[in-house]
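Engineer: here is the input, now give the coordinates:
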Amino acid sequence: MGLVYKAQDPAIGRTIAIKTIRLRDVTDEVERERLRERLLREAQSAGMLSHPGIVTIYDIYEENGLAYIFMEFVNGPPLERMLRADQTPDKDTLLSILRQTASALDYAHRKGIVHRDIKPANIMIHEDGAAKITDFGVAKILSHQMTAAGTLMGTPTYMSPEQVEGKTVDGRADQFSLAVIAYEALTGEKPFHAEYLPTLLFKIVREEPPLPSRLNPTLAPQVDTVLRRAMSKKPEDRFANCSDFGEALADALSANPGWMPLPKGASHHITTVGSQDTGDGKLAATVLTPSADTVGTTMSATAGTAIVDAAAPAAVNEQPHVLPFRDTRPKQSHAVRNAWIVVGFLAMAGVGAFLAYMATHPGPSSSEPSSAAQSTLPPPPPVASPTPEPAPSADVPATPQPPADNPPVTSTTPQQPSVVSTSPQQPSTPAVSAPSPPTQGDFQLTTTPSGATAIFDGKPSTECRTPCTITLSAGRHTFTVMAPGYRDAARILEIPHDTGFIVNLEKMMGTLNLQTTPSGLTVVLDGQQSGRTPATFQLSPGMHRVSLLRGSDHHDFTVEIKDGTTLTRTVEWQ
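Structural biologist: Next up, the predicted model:
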């Protein structure tokens, strides 16, 4: 759908990422405008998510059929690349990644936002070990446009049963996807396999995956119970939230301290029929008939996303890794197997027909785009000379550039009509008769807690202590709010449109994860008894004193906690 740029924001002096989405690829004008409005609304919702485990969205802009999303740059690989490597993450790192992701998902769910496309490619691992979820909101936007056309979009292996069936989803759908990731990371195999997409979707909805302990003998049976609950077919049978799942999984893994994750394809050695090696750990693309009107499955080699026509049987090609278990059930005849495939195909065809009917019979909606919404879209923040990557295909421009902050009046780009120019100007009407736009405006800033320091446009001369009111020139401005013990908050405002903000600051917090062998040791944290191991604590940044007690013996040490990171300390009692 577009390209991603690495760029420098001169207004604040930070490195950012600019993700582009080609809205012009949506040929239907009404649907394109509806998608554009939804993109703006969803990006605004994602922009409300201020959490160290979520990639921050700074701004959004649209021009000439291209949408630009300005977001935080993460200097590190996605989890997908780490799982593809011969040497998978060690068990402490893996458990930390799963816990951080669970915490970030719960935060988003409390805000009423569901990701809907949790997969290893959407979990970025920063160089300091922090896990960050990306593409909040974007997955929902793109999936709506695809389902409106009677097709299904998503990454099939990680989809929850309710997503496959087209039902309403909540945060427990993300929990299911996170459990699939945990299953894959622990066993080296995906829980659901099939040669054909309808069969794969049928298994997700109807069949239980192989027990993880059968694939990885180092896992205790308790892990089977936890993962099976998190991947329950019914959302109400899963854990109350993702963090509860993460803690339950950690406890189950501690039942066998010698557990270790397996690399991809290391469990068994039964060759998968009909698979092809893509060489990069991604699903291969297969088109059933090489013609312009082919109906099939297209798998993105970069994003791992599948756009699937629900009315056609499509082959799903996995890597030639081994099947994840030895099937001891009686062999089914070809007729029985084919009957199940036909049942899955008919089920998906019915879902596709229903979605197509709903797309052609839309009900009343309050989210229709308006011309006023188009006209008030602010210009993009200034971005200095992003260097585009080579276009991946012929239909992607070789050198698209983010829009300039103030395009010159000599630009040949067609301009959108202004809502204030609804009738031709009369030659006899002097230009000075129109009311002049305001040149400045007052902006009131309030923070929780109060007494924070705010700096506008990076200039110390504009510093104020909240609550405060400041007079700013008309146009776009940025400000940063700082307070001891709280995370800095950056915002963008537009004068005279914005007259005031209320900014809720979040406390700086880090996570300490204590694991001991044996478990059940008493923990004294900063002089206060705080439970028994294994245990997880949310602590303010800085040095903390930890004592582990076993009878009259004790083991003392200090830990340094950093904001937004998880520190795992494993102690083997001698």
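Engineer: ok, how many other residues are close to Thr453?
Structural biologist: Taking other Cβ atoms under 10 Å as the criterion, the count of residues near Thr453 is 16. C-beta here means a position set from N, CA and C on the backbone, and glycine is covered the same way.
Engineer: what about this protein, any weak spots by pLDDT?
Structural biologist: Counting by pLDDT under 70, the ranges of the chain that qualify are 1, 38, 41-42, 44-45, 86-87, 137-155, 266-435.
Engineer: show me where it has helices.
Structural biologist: 29-47, 79-84, 91-110, 138-148, 161-164, 171-187, 197-206, 212-215, 221-230, 242-254, 334-360, 371-375 (DSSP state H).
Engineer: report the buried residues of the second one.
Structural biologist: Translated: helix 79-84. Residues 79-80, 82-84 are the ones in helix 79-84 that count as buried (16 or more other Cβ atoms under 10 Å).
Engineer: what's the closest of those residues to Leu35?
Structural biologist: Within the buried residues of helix 79-84, the smallest distance to Leu35 is 26.6 Å, found for Glu80 (Cβ to Cβ).
Engineer: which one of the buried residues of helix 79-84 is nearest to Thr447?
Structural biologist: Nearest to Thr447, judged by Cβ to Cβ, of the buried residues of helix 79-84 is Leu79 at 34.7 Å.
Engineer: now do the same contact list for the closest one.
Structural biologist: Contact analysis of Leu79 by Cβ atoms under 8 Å, 6 or more residues apart in numbering lists 97, 120-121, 123-125, 131, 181.
Engineer: list the buried ones in stretch 504-514?
Structural biologist: For stretch 504-514, a neighbour-count test (16+ other Cβ under 10 Å) marks 505, 508-514 as buried.
Engineer: what's the local residue count around Leu23?
Structural biologist: Neighbours of Leu23 under the rule other Cβ under 10 Å: 20.
Engineer: show me the contacts for the spatially closest residue to Val223 that is not a sequence neighbour.
Structural biologist: Among residues not flanking Val223 along the chain, Ala252 sits closest, at 4.6 Å (Cβ to Cβ, 6 or more residues apart in numbering). Neighbouring residues of Ala252 by Cβ under 8 Å, 6+ apart: 220, 222-223, 225-226.
Engineer: only whichever of the residues you listed are buried, select them in ChimeraX.
Structural biologist: Selection of buried members from those for ChimeraX, criterion 16+ other Cβ under 10 Å:
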select :220,222,223,226
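Engineer: which of the buried residues of helix 79-84 lies closest to Phe245?
Structural biologist: Among the buried residues of helix 79-84, Leu79 lies closest to Phe245 (Cβ to Cβ), at 16.8 Å.
Engineer: hang on, the earlier thing: make CSV out of the buried residues of stretch 504-514 and add distance to Arg550.
Structural biologist: Formatted as CSV, the buried residues of stretch 504-514 follow (distance: Cβ to Cβ, whole Å):
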residue, distance to Arg550
Leu505, 40
Met508, 32
Met509, 29
Gly510, 26
Thr511, 24
Leu512, 19
Asn513, 19
Leu514, 14
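Engineer: domain assignment for the chain?
Structural biologist: Residue ranges for the domains of the chain, per automatic domain parsing: 1-73+378-407, 74-360, 440-504, 510-572.
Engineer: which of the ones you listed is buried the deepest?
Structural biologist: Most buried of those, by mean neighbour count (mean count of other Cβ atoms under 10 Å): domain 74-360, with a mean of 18.
Engineer: which one of the contacts of Ala252 sits closest to Asp106?
Structural biologist: Checking those against Asp106 with Cβ to Cβ, the nearest one is Val226 at 16.8 Å.
Engineer: touching, the closest one and Phe245? I think so.
Structural biologist: Yes - applying Cβ atoms under 8 Å, one finds Val226 in contact with Phe245, separated by 7.2 Å.
Engineer: who's in contact with the closest residue to Ala11 other than its chain neighbours?
Structural biologist: In this structure, Ala11 finds its nearest non-sequential neighbour in Thr478, 5.2 Å apart by Cβ to Cβ, 6+ apart. For Thr478, the contact set (Cβ under 8 Å, 6+ apart) comprises 11-12, 381, 456-458, 490-493.
Engineer: try Asp457
Structural biologist: Contacts of Asp457 by Cβ under 8 Å, 6+ apart are 11, 477-479.
Engineer: at 10 Å what do you get?
Structural biologist: Neighbouring residues of Asp457 by Cβ atoms under 10 Å, 6 or more residues apart in numbering: 11-12, 472-473, 476-480.
Engineer: follow-up on the earlier one: any chance of the buried residues of helix 79-84 in a markdown table, with distance to Ser547 too?
Structural biologist: Formatted as a markdown table, these follow (distance: Cβ to Cβ, whole Å):
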| residue | distance to Ser547 |
| --- | --- |
| Leu79 | 34 |
| Glu80 | 40 |
| Met82 | 34 |
| Leu83 | 37 |
| Arg84 | 41 |
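Engineer: for those, work out which two are farthest apart.
Structural biologist: Maximum pairwise distance in these, criterion Cβ to Cβ, is 9.7 Å, between Leu79 and Arg84.
Engineer: could you name every residue contacting both of those two?
Structural biologist: Common contact partners of Leu79 and Arg84 (Cβ under 10 Å, 6+ apart): Pro120.
Engineer: hang on, Glu165 packs against Pro235?
Structural biologist: No - taking contacts as Cβ atoms under 10 Å, Glu165 lies outside contact range of Pro235: 11.3 Å.
Engineer: setting aside sequence neighbours, what's the nearest residue to Val524?
Structural biologist: Nearest residue to Val524 in three dimensions, chain neighbours excluded: Ser547, at 4.0 Å (Cβ to Cβ, 6+ apart).
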